[in-house]
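> what's the 3D shape of this:
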Amino acid sequence: MLTWLLSGCSADSQSIEREAQTNQTYINLIDEWHREREAKLKAPDGWLTLAGLYWLQEGENTFGSGAGHDLTFPAGKIPGNAGVITLEDDRVSTSIAKGVEVLLNGRPVKEVSLFGPGLDTIPQLTHGSLTWFVIKRGDKYGIRLRDLENDALIHFKGITRFPVNAAWRVEAKLEPHPTPKQIPITNIVGQTTLRDSPGTLVFELDGRQHRLDALMEGEELFIVFADKTNGLETYGAGRYLYAEKPRPDGTTILDFNKSINPPCDFVSYATCPLPPRQNLLTVSVEAGEKSYGEYSR
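Predicted coordinates:
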């Protein structure tokens, strides 16, 4: 009898140990994923280098660090008068001022097309620590500026998170829309665009069913969601989550431990999409990133 009890305890202990090891492996994987996430934020093309966003007016837009320009770049980073950026219908071009060295692919340029039909890629111009290029949002054109010496990058302190908890890793099933569907998504600057949605993700938390409309972003599902922690422990305008495209049976994994802050929580020059009304969860998702805080809007 004693032998049976001892062997049973040993089996239970081994089971608990295996479970603990499995859980620690999962925690390690999430921690590694988060380190890579922060490294991408700090990369030269990461969100922490964003230093300006300037909407273009039709016609000529002067730019430089001096006063009185249509686009005022950071002081001390570029000459006072750097040139002109011209918007004509759906074309954007630039002329660089005499004596100012601006590089394209490492070579000085004086006049160059920045956006328009026939361009396979969007050119990126550089001067010192600055890089700038054209973005289009709806029917508006703007210049996005990056700075490798940006304060948000230099003072980045890492992102606090909720403790990793495997209970927030759930299976979801994608219910495809019966016909191709676009849903309106409004961004933080008030622009609304229609985005392709492949369907609605249906899943359970604590025995209750929840639904989130998904968007497509490349080869992944992109979910913009809100929950009861927003404005308290997490960023007030919601968070983002990516998931793999569904398997043949329509299922995928939503791992809320990978919930991330929008770039607007770090810098003031992003055009972050906001959660659509139907993506407001009625629970507190105590998983993933907490609000960064210092550079919040």
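> now stretch 24-35: buried residues?
Neighbour counts over stretch 24-35 (16 or more other C-beta atoms under 10 Å) mark 26, 30, 34 as buried. Backbone N, C-alpha and C define where each C-beta goes, glycine included.
> residues near the residue nearest to residue 144 when sequence neighbours are not counted, how many?
Counting by C-beta to C-beta, 6 or more residues apart in numbering, residue 135 is the residue found nearest to residue 144 once chain neighbours are left out, at 4.9 Å. When neighbours are counted by other C-beta atoms under 10 Å, residue 135 registers 14.
> who are the contact partners of residue 135?
Contacts here follow C-beta atoms under 8 Å, 6 or more residues apart in numbering; on that basis residue 135 touches 53, 141-144, 271.
> next: residue 52.
Neighbouring residues of residue 52 by C-beta under 8 Å, 6+ apart: 73-74, 132, 143-145, 147, 269.
> one more time with 6 Å, if that's ok
Contacts here follow C-beta atoms under 6 Å, 6 or more residues apart in numbering; on that basis residue 52 touches 145, 269.
> which of the three states applies to it?
Assigned state for residue 52: strand (three-state reduction, DSSP: H, G, I helix; E, B strand; the rest coil).
> got a pLDDT number for it?
Residue 52 carries a pLDDT score of 96 in this model.
> that one and residue 95: what is the separation?
Separation of residue 52 from residue 95 (C-beta to C-beta, to the nearest Å): 20 Å.
> my guess is residue 220 meets residue 246, correct?
No - if you go by C-beta atoms under 6 Å, residue 220 and residue 246 don't touch, sitting 11.0 Å apart.
> related to what we said a few turns ago, now, the buried residues of stretch 24-35 that are in helices?
Of the buried residues of stretch 24-35, the ones assigned to helices by DSSP state H are 26, 30, 34.
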